[in-house]
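J.: Sequence and predicted structure below; questions after.
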Amino acid sequence: ERKSGRFLGLLYGTNCLGAVIGALSASFLLIPQLGLFHTTLAAGLVNVTILPVTMLWQHVAGHQIKKRRKEKISRHRSPQLSGIRALYLIFAMAGMTSMICQLAWTRVFSLLFGSSVYTFSLILAAFIGGLSLGPFVISSWLDSIAKPLRLMALIEGAIGLCGFAIAALLRWAPLACAEL
């Protein structure tokens, strides 16, 4: 029998680890080397890339499961899907890009509204509020979704597209506010 609690816990842990990597890489490597605009574009590109990678992984994993069922592999034996590492990588990339975006927003909003605990608190509350709102909204109908991983991939792709728009706004906003 599959141990979904352990599996989900590992996915969440991987996502959080990706967030730590994203926070550190954005602050100490990406923003200093690429600048805020290109870092935000890169985060959007990674999110958009999650969509086809996840779709491909789900397709391959589905075929492997069907093949094992045809071969009548015992249910007591845990199937080792070769793409499981890809799933962990997808969740790590999602966490990484979310932190990169949060840091980019923090930097721009600090320029716009001042670098204070209030600015940071508002950004953090908005970010964590979004993270918590998603599960509340989707949890009531998640079990009825035939392919939840596909939904996750579509959401990540949409986040990536929004990232491209936000990158343009981040480039424009400080200049527009300076003119006020």
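T.: Yep, that arrived.

J.: Can you tell me the element the residue nearest in space to the middle of the chain falls in?
T.: Computing the C-alpha centroid of the chain and ranking residues by C-alpha atoms, centre = their mean puts A94 first, at 2.1 Å. A94 belongs to helix 84-113 when elements are defined using DSSP states H and E.

J.: how distant is that helix from the center of its chain?
T.: 7 Å (C-alpha atoms, centre = their mean, to the nearest Å).

J.: in that helix, what's buried?
T.: Buried residues in helix 84-113, counted by 16 or more other C-beta atoms under 10 Å: 86-109, 111. Just so you know, the C-beta spots here come from the backbone N, C-alpha and C atoms, and that holds for glycine as well.

J.: from memory the residue nearest to the centre of the chain sits against G18, does it?
T.: Yes - in this structure, A94 is within contact of G18 by C-beta atoms under 8 Å, at 6.6 Å.

J.: so how many other residues sit close to F7?
T.: 12 (other C-beta atoms under 10 Å).

J.: Can you give me the pLDDT of it?
T.: At F7, the pLDDT value in this model is 72.

J.: tell me what the helix or strand that contains it is packed against?
T.: Here F7, judged by DSSP H and E, is contained in helix 4-25. Judged by 3 or more C-beta pairs under 8 Å, 6 or more residues apart in numbering; DSSP states H and E, helix 4-25 is in contact with helix 84-113.

J.: List the buried residues of the helix or strand just after the helix it packs on.
T.: Using DSSP H and E, the helix or strand that follows helix 84-113 in sequence is helix 117-138. Counting neighbours by 16+ other C-beta under 10 Å, one finds that the buried residues in helix 117-138 are T119, I123, F127.
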